[in-house]
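**Student:** please work out how this folds:
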Amino acid sequence: MSHHETRNTTAVLKWCSTCGKNTLHQVSDRRQGTCLNAHASGMSKDQERRNKKQEEIERNPVFKF
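**Tutor:** Residues are numbered from 1 along each chain as shown. As a prediction, the model looks like this:
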């Protein structure tokens, strides 16, 4: 069951499972809505570079004798 807020409330602080921390969430028509923080979609350039490097290492393993 969702929690209803007063009519004057515009935002509430609650846990965001996407952000993994307490963030402000919008309140519209006395009901809690989405997180106000911008969520990044996809991977950062550093993450893409690291994943590409790891995939290359897995495709071409180096055997030590």
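**Student:** contacts for the host helix or strand of residue 12, please.
**Tutor:** According to DSSP states H and E, residue 12 maps onto strand 11-16. Residues outside strand 11-16 that contact it (Cβ atoms under 8 Å, 6 or more residues apart in numbering): 5, 21-27, 32, 35-37. Glycine gets a C-beta too; all of them are placed from N, C-alpha and C.
**Student:** now swap in stretch 18-29 and tell me
**Tutor:** Residues contacting stretch 18-29 (Cβ under 8 Å, 6+ apart): 5, 9-16, 32-37, 39.
**Student:** how far does it sit from its chain's centre?
**Tutor:** 11 Å (Cα atoms, centre = their mean, to the nearest Å).
**Student:** also stretch 22-30?
**Tutor:** 17 Å.
**Student:** what comes up buried for that stretch?
**Tutor:** Neighbour counts over stretch 22-30 (16 or more other Cβ atoms under 10 Å) mark 23, 25, 27 as buried.
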